[in-house]
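Asker: one predicted model, sequence on top.
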Amino acid sequence: MRKSFLSGLVFLCCFGLAVPAFEQEKDKDAKGGESKGPEKCDAAKEESSVTDHTIKIGSQTIPYKATASTTLLKNDKGDATGLLYSVAYTRSDVKDLSTRPVSFLYNGGPGSATMWLHMGAFGPRRAYTIDGQFTPPAPYKLVDNGESLLDKTDLVFIDAMGTGYSHAVCKAQEKDFFGIDEDAEAFAQFIVTYISRNDRWNSPKFLIGESYGTFRSAVLGNYLQQRDTVHLNGIVLISSVLDLSSITFGPGDDRPYIFYLPSYAATAWYHKALANRPNDLDGFIDEARKYAQGEYASALFKGGQLPASEKAAVAKKVSYFTGLSEDYLMKANLRPTLGQFMAELQRSKGMTTGRIDSRFTGYTFDLLTENAQGDPEGPAVGGAFTALINMYNNDELKFGKDKVYHNTANAFGGWNWVRKNPRGFGFPGAPNVEGDLAQAMVTNPRLLVQVENGYYDMATPFFATEHTMEHLGLPDALLKNIKEDYYTAGHMMYLHDADRVSLHNQIAAFIDRATQP
């Protein structure tokens with residue numbers, strides 16, 4: 001995973017040992033021996049289930065085919081390495097596929113199944129959950145999704161390796177796919193295989209990813225264009241993070257505190273934790289943006305040289321935005337981390353504030369804890385999504401009855417964050433794929449990018465995303481290809497009914513723009 005000074009010596013030793021083996025292989029061929037082809041493996045068997053359905057979206061009744069299947073992946077030698085599970089929804093009454101866009105969708109983690117976008121946002125069937133609150137246990141409700149994107153595009157939901165029904169086969173291991181480039185290469189192979197098998201080479205193509213899925217999209221979009229010459233029409237980044245240092249409270253790095261302040265402000269506003277709560281949320285957030293990048297950033301930059309009087313004034317102002325007491329902020333040295341904010345904001349009520357969606361709250365077990373011990377949003381909706389994706393796969397898609405659907409893979413701790421082709425000289429830092437997205441946009445100047453931000457998303461704060469988009473280093477002519485939208489919801493803005501409608505409409509309009517001649 002990490003290269004060392006000794007790597008060159010290892011290479012020389014290996015090369016020296018390889019020469020005799022190569023000569024033996026030549027002798028074998030000279031005597032009529034046959035070189036080995038791809039190894040056979042009985043476990044490398046694709047499966048598929050096709051069912052027919054209809055869905056009403058707006059005034060349209062749309063007939064569609066649902067294909068739940070596994071697709072075989074191979075390495076450069078042709079050996080089978082894994083099966084990726086996907087569910088593809090294709091409109092049945094389309095005669096000319098070149099007029100019908102196809103979108104590839106996935107969640108993040110890394111190591112998350114795509115049941116969230118599938119069953120929460122854009123699939124034709126949706127898990128019903130209670131907005132901003134804990135959804136009671138079963139029986140849960142599976143309902144038609146009037147905000148599915150099937151009115152604008154065919155949809156292919158892909159589960160990353162180790163999630164859903166996706167798994168390694170033969171001699172491969174799932175950890176072989178756990179890495180920035182390894183993951184993107186697997187998704188690229190799947191996409192190229194899909195468009196070849198389904199005659200979609202001339203269809204408009206889109207990537208739609210959420211959270212780490214946006215990080216994946218930057219790498220994947222550039223990889224598809226550079227290696228496979230698959231040019232995309234558009235990329236949708238839902239709750240985006242391309243620079244992981246922007247959400248990491250690293251020692252000596254004050255940027256995350258600046259990036260999080262507007263999200264803290266929005267959250268404190270929502271929970272009515274402010275002493276002088278303004279009526280206008282948008283105006284309050286804009287005020288927080290300006291303070292964060294101005295006086296707050298300047299004060300933090302001074303570090304230990306910040307005068308006591310100025311520090312007290314900053315604490316008072318940050319308290320105004322965050323609802324945290326001036327005393328607490330002074331003890332935090334003006335730098336409350338996310339975990340501290342989640343634990344402190346509603347401590348007096350005995351509640352912990354959510355991270356993925358800060359509108360959610362949960363009981364705090366240890367009222368003396370410094371940092372939040374969990375995220376209330378996950379348990380609030382996780383039970384419904386888990387039960388319904390299993391029921392839906394088994395009963396309606398007729399797939400996986402004898403299999404285990406994995407919501408997550410044990411991937412994060414073993415993820416390879418080191419890039420295969422690092423750019424330039426320097427020391428390893430937090431992974432950053434801004435350059436991949438910028439390169440994809442420069443290579444394909446007609447590539448459009450749309451960014452969806454939730455005000456109450458404290459996993460990938462919107463102010464950090466704005467900073468990233470403003471620092472891609474793109475030519476001025478390409479800046480117009482990026483559009484940002486905002487929602488009064490969290491990381492999964494589609495959990496909020498009104499914002500799910502808005503999300504559909506924004507992306508539908510984006511697809512229209514990106515497919516214009």
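Answerer: Yep, that arrived.

Asker: beta partners of Leu155?
Answerer: Each beta-bridge partner of Leu155 is listed here, defined by DSSP bridges: Tyr89, Ser103.

Asker: what residue ranges in the chain score low on pLDDT?
Answerer: Within the chain, the stretches with pLDDT under 70 are 1-39, 421-425.

Asker: what about the strands in it?
Answerer: The residue ranges that make up the strands of the chain, judged by DSSP state E, are 48-57, 60-74, 80-91, 102-106, 125-127, 142-144, 154-158, 167-168, 205-211, 234-240, 351-353, 361-363, 448-454, 482-487.

Asker: out of the ones you listed, nearest to Asp286?
Answerer: Proximity to Asp286 (Cβ to Cβ) singles out strand 482-487 among the strands of the chain, at 11.2 Å. The way it works is simple: take the backbone N, C-alpha and C, and place the C-beta from them, glycine included.

Asker: each with direction, which strands does that closest one pair with?
Answerer: Using DSSP bridges, strand 482-487 pairs in its sheet with strand 448-454 (parallel).

Asker: and the strand it pairs with, how far out from the chain's middle?
Answerer: Distance, stretch centre to chain centre, for strand 448-454: 12 Å (Cα atoms, centre = their mean, to the nearest Å).

Asker: what does that strand rub up against?
Answerer: Strand 448-454 is contacted from outside by 233-240, 357, 437, 441, 462, 465-466, 469, 481-493, 499, 503, 506-507, 510, 513-514, using Cβ atoms under 8 Å, 6 or more residues apart in numbering.

Asker: do stretch 355-364 as well
Answerer: By Cβ under 8 Å, 6+ apart, stretch 355-364 touches 132-134, 263, 266-267, 270-271, 338, 342-343, 346-347, 350-354, 372-380, 454, 456-459, 489-492, 495.

Asker: alpha carbons only: can I get it in PDB?
Answerer: In PDB, the C-alpha atoms belonging to stretch 355-364 read as follows (Å, rounded to 0.1, in the frame of the first residue of the first chain):
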ATOM      1  CA  ARG A 355     -24.200  14.100  11.400                       C
ATOM      2  CA  ILE A 356     -25.500  12.800   8.100                       C
ATOM      3  CA  ASP A 357     -28.600  14.900   8.600                       C
ATOM      4  CA  SER A 358     -28.400  17.200  11.600                       C
ATOM      5  CA  ARG A 359     -32.200  17.600  11.700                       C
ATOM      6  CA  PHE A 360     -32.200  14.100  13.400                       C
ATOM      7  CA  THR A 361     -31.600  13.800  17.100                       C
ATOM      8  CA  GLY A 362     -31.100  10.900  19.500                       C
ATOM      9  CA  TYR A 363     -30.800  10.300  23.200                       C
ATOM     10  CA  THR A 364     -27.300  10.800  24.700                       C
END
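
Asker: buried ones in it, by neighbour count?
Answerer: By neighbour count on 16 or more other Cβ atoms under 10 Å, the buried set for stretch 355-364 is Arg355, Ile356, Asp357, Ser358, Arg359, Phe360, Thr361, Gly362, Thr364.

Asker: now the first one: how far from Gly339?
Answerer: According to Cβ to Cβ, to the nearest Å, Arg355 stands 8 Å off from Gly339.

Asker: so what sits against both of these two?
Answerer: Both Arg355 and Gly339 are in contact with Ala372, where contact means Cβ under 8 Å, 6+ apart.

Asker: got the end-to-end distance for stretch 259-279?
Answerer: Distance across stretch 259-279, first residue to last, is 23 Å (Cα to Cα, to the nearest Å).

Asker: identify each buried residue in that stretch, please.
Answerer: Those would be 259-271, 273-274, for stretch 259-279 by 16+ other Cβ under 10 Å.

Asker: out of the residues you listed, which is nearest to Lys311?
Answerer: Closest approach between those and Lys311, by Cβ to Cβ: Leu261, at 16.0 Å.

Asker: ok, the closest one touching Gly294?
Answerer: No. If you go by Cβ atoms under 8 Å, Leu261 and Gly294 don't touch, sitting 11.0 Å apart.

Asker: buried subset of the contacts of strand 448-454?
Answerer: Listed as buried from those are 233-240, 357, 437, 441, 462, 465-466, 469, 481-482, 485-493, 499, 503, 506-507, 510, 514; burial here means 16+ other Cβ under 10 Å.

Asker: that older thread, quick one, which of the strands of the chain gets closest to Trp415.
Answerer: Across the strands of the chain, closest to Trp415 is strand 205-211 (Cβ to Cβ), at 13.9 Å.

Asker: who does the closest one pair up with?
Answerer: Strand 205-211 pairs in its sheet with strand 102-106 (parallel), strand 234-240 (parallel), by DSSP bridges.

Asker: of all those strands, which lies closest to Lys56?
Answerer: It's strand 102-106; of the strands paired with strand 205-211, that one is closest to Lys56 (Cβ to Cβ) at 20.1 Å.

Asker: before we move on, the earlier item: rebuild the buried residues of stretch 355-364 as a markdown table, extending it with distance to Leu73.
Answerer: Below are the buried residues of stretch 355-364 laid out as a markdown table (distance: Cβ to Cβ, whole Å):
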| residue | distance to Leu73 |
| --- | --- |
| Arg355 | 33 |
| Ile356 | 30 |
| Asp357 | 34 |
| Ser358 | 38 |
| Arg359 | 39 |
| Phe360 | 37 |
| Thr361 | 42 |
| Gly362 | 39 |
| Thr364 | 44 |
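
Asker: ok, so of these, who is nearest Asn333?
Answerer: Of all the buried residues of stretch 355-364, Arg355 has the smallest distance to Asn333: 22.0 Å, by Cβ to Cβ.
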